[in-house]
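Student: Next input, structure requested:
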Amino acid sequence: MAAAPEFTETITKAGLTAVPVGPDEALEERIRRLRGNEGPADPIVPNFPTDPLYDLRDDEREPFPWEKISWLYDSLVVPVAWILNDDMIEDLVTFCRAWQPDLVLCDAMTHAGAIAADAVGAAHARLLYWHDLNIRMRRDFLRAVKDQPPGRRTDMLHDWYEEWAGKFGRPFSEELVVGHFAVNVLPERTRLDPHEQTLSLRYVPYNGHSVVPPWLYEKPRVPRVLMTFGILALSWVEERRMTVEQLQDTLDSLADLDIELVITLAEEVREQLTAPANCRMVGFVPLDVILPTCSIVIHHGGAGSFNGPLVHGLPQLILEYSIDAPAKQQIMAETKAGLSIPRDEVTGPRIRQDLLRLMNDETFREGAAQLQREALAQPTPNALVPELEQMTAQFRSRRA
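Tutor: Numbers count the residues shown, from 1 in each chain. I've put the predicted structure just below:
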């Protein structure tokens with residue numbers, strides 16, 4: 001597994017072999033440096049709504065016009081590509097030339113994997129665990145760019161890929177952008193535009209080396225509700241979606257309910273809160289251990305926080321802080337597997353109102369159980385291996 005040096009310990013603790021690529025600078029440090037000295041202090045956000053990009057019904061939405069889709073590419077997609085990938089490409093290609101992989105599985109943000117795979121003639125696929133806009137945005141872009149005058153047909157993503165591929169003697173191709181195929185852990189009906197060749201994979205919850213706290217040994221006496229904002233929120237200040245005031249308002253609003261509320265928060269945040277008798281504040285608890293004991297999960301919409309409850313058949317209350325929140329809101333509405341609250345409507349009373357709906361309406365448990373059946377019907381990682389071998393042989397043989 002190749003990744004930035006900061007992930008070496010995480011990889012090796014999982015029993016995998018790590019290949020550090022790129023400089024020994026943590027991603028958080030790099031983002032802070034670019035936002036501080038060499039970039040804007042605040043993240044760049046579009047001045048137009050992007051929710052239609054996440055509409056699950058692609059045939060019912062209007063493709064993004066040139067002005068919007070080109071802005072997204074030039075201001076967000078390409079800058080993210082070079083910030084996350086430029087510094088690791090040389091090391092990754094060097095390793096691949098030495099090790100000669102037949103297949104490279106790339107995280108949706110790791111464009112370097114496609115460049116390295118192409119440089120050595122390996123097949124490459126996008127491994128998706130959240131709603132990936134890559135294919136949808138590329139279709140919108142290619143549709144819009146062809147209608148522009150020749151002098152305006154700029155394609156910065158094409159240029160970025162072409163420059164890197166050219167350094168290793170390879171031409172640009174659209175397969176660099178979208179991959180030979182995709183591996184997707186989301187149930188089929190919850191995906192955005194899938195790759196024309198998509199393999200389904202069952203999501204397997206994993207939280208690394210963890211310690212099971214003693215209070216988890218016994219079955220809860222009242223319904224247990226987990227509230228989590230993901231692992232990043234424990235260390236990255238930027239990922240702490242709710243203010244201390246909002247959190248305290250939530251704890252106060254749920255204080256009289258006959259539940260056990262378990263909430264994961266950073267220590268400095270916990271110290272500023274007053275927990276009611278029905279609340280247990282913790283720094284971290286492994287999701288794959290606590291989820292089977294829960295009745296409902298409240299979370300920010302992150303990949304692990306969404307996929308974990310999904311495979312355990314738990315109703316979800318999503319606070320729409322994740323980038324793909326519009327898609328997850330639509331999933332909850334159409335499958336009746338949970339509810340979601342827009343980020344500007346997140347208050348203690350609103351969370352209480354929707355939590356009570358989830359607790360008292362059997363429809364949500366039935367919807368979550370149906371989604372669970374669909375998720376567990378997908379192949380396990382072991383069962384997927386023959387399909388990976390077939391796809392690898394198909395695409396690797398092109399330049400074997």
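
Student: Now do the strands in the stretch 251-400 of the chain.
Tutor: In the stretch 251-400 of the chain, the segments counted as strands under DSSP state E, counting those that start in this stretch are 260-264, 279-282, 296-299, 316-320, 338-342.

Student: tell me what the first one is packed against?
Tutor: Counting contacts by 3 or more CB pairs under 8 Å, 6 or more residues apart in numbering; DSSP states H and E, the secondary-structure elements packed against strand 260-264 are strand 224-228, helix 244-254, strand 279-282. Glycine gets a C-beta too; all of them are placed from N, C-alpha and C.

Student: which one of the strands of the stretch 251-400 of the chain lies closest to Leu127?
Tutor: strand 296-299 (21.9 Å; CB to CB).

Student: Identify all contacting residues around the closest one.
Tutor: Strand 296-299 has contacts (CB atoms under 8 Å, 6 or more residues apart in numbering) with 223, 225-230, 291, 305-306, 308-309, 314-319, 351, 355, 358-359.

Student: How about stretch 89-107?
Tutor: 2, 19-22, 112-117, 119-120, 122-127, 164, 168, 179, 183, 388, 391-392, 396.

Student: Between its first and last residues, how far does stretch 162-173 reach?
Tutor: This stretch, stretch 162-173, spans 8 Å end to end (CA to CA, to the nearest Å).

Student: can you list the residues that contact it?
Tutor: Here stretch 162-173 makes contact (CB under 8 Å, 6+ apart) with 89, 93, 115, 118-119, 158, 161, 176.

Student: Show me what counts as buried in it.
Tutor: 162, 164-165, 168, 170, 172 (16 or more other CB atoms under 10 Å).

Student: same deal with stretch 337-346?
Tutor: 337-341, 346.

Student: circling back to that earlier point, looking at the contacts of stretch 162-173, which are in helices?
Tutor: 89, 93, 115, 118-119, 158, 161, 176 (DSSP state H).

Student: of all those residues, which comes closest to Asp74?
Tutor: Nearest to Asp74, judged by CB to CB, of the ones in helices among the contacts of stretch 162-173 is His158 at 11.9 Å.

Student: what sits against the closest one?
Tutor: Phe172 are the contacts of His158 under CB under 8 Å, 6+ apart.

Student: Against Asn360, how distant is the closest residue to Leu384 other than its chain neighbours?
Tutor: Nearest non-adjacent residue to Leu384, counting by CB to CB, 6 or more residues apart in numbering: Leu201, 5.5 Å away. The gap separating Leu201 from Asn360 is 35 Å, by CB to CB, to the nearest Å.

Student: Looking at those two, which is more packed in?
Tutor: Leu201 (22 against 8; other CB atoms under 10 Å).

Student: Can you spell out the domain ranges of this structure, please?
Tutor: Domain assignment for the chain by automatic domain parsing gives 44-202+380-399, 214-376.

Student: so which of these comes closest to Arg32?
Tutor: With CB to CB, the closest approach to Arg32 among these belongs to domain 214-376: 9.2 Å.

Student: residue ranges with poor pLDDT in the stretch 301-400 of the chain?
Tutor: Applying pLDDT under 70 to the stretch 301-400 of the chain picks out residues 397-400.

Student: circling back: out of the contacts of stretch 162-173, flag the one nearest to Ala108.
Tutor: For the contacts of stretch 162-173, the nearest to Ala108 is Leu176 (14.0 Å; CB to CB).

Student: Measure how buried that closest one is and give me the count.
Tutor: 23.

Student: Ok, Gln390 next?
Tutor: Counted with other CB under 10 Å, Gln390 comes out at 11.

Student: could the ones in helices among the contacts of stretch 162-173 go into JSON lines alongside distance to His195 and pLDDT?
Tutor: Formatted as JSON lines, those follow (distance: CB to CB, whole Å; pLDDT from 0 to 100):
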{"residue": "Ile89", "distance to His195": "23", "pLDDT": "97"}
{"residue": "Val93", "distance to His195": "24", "pLDDT": "97"}
{"residue": "Ile115", "distance to His195": "18", "pLDDT": "97"}
{"residue": "Asp118", "distance to His195": "17", "pLDDT": "96"}
{"residue": "Ala119", "distance to His195": "21", "pLDDT": "95"}
{"residue": "His158", "distance to His195": "19", "pLDDT": "96"}
{"residue": "Tyr161", "distance to His195": "17", "pLDDT": "97"}
{"residue": "Leu176", "distance to His195": "14", "pLDDT": "95"}
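
Student: so how far is the first residue of stretch 65-82 from its last?
Tutor: First-to-last distance for stretch 65-82 - CA to CA - comes to 25 Å.

Student: Need the residues that contact that stretch.
Tutor: By CB under 8 Å, 6+ apart, stretch 65-82 touches 44, 46, 48, 50, 63-64, 109, 111, 137, 140-141, 144-145, 147-148, 154-157, 160.

Student: how much space is there between the residue nearest to Leu384 and Ser305?
Tutor: Plainly put, Leu201 is 19 Å away from Ser305 if you go by CB to CB.

Student: likewise Asn360?
Tutor: 23 Å.

Student: out of the ones in helices among the contacts of stretch 162-173, what pair is the most spread apart?
Tutor: Val93 and His158 (19.6 Å).

Student: Point out the other helices and strands that the lowest-mean-pLDDT helix or strand in the chain packs with.
Tutor: Lowest mean confidence among the helices and strands of the chain (mean pLDDT, DSSP states H and E): helix 27-36, at a mean of 70. For helix 27-36, the packing partners by 3+ CB pairs under 8 Å, 6+ apart come out as helix 78-99.

Student: and if we set it to 6 Å?
Tutor: If contacts are counted by 3 or more CB pairs under 6 Å, 6 or more residues apart in numbering; DSSP states H and E, helix 27-36 sits against no helix or strand.

Student: Alright, that wraps it up for me.
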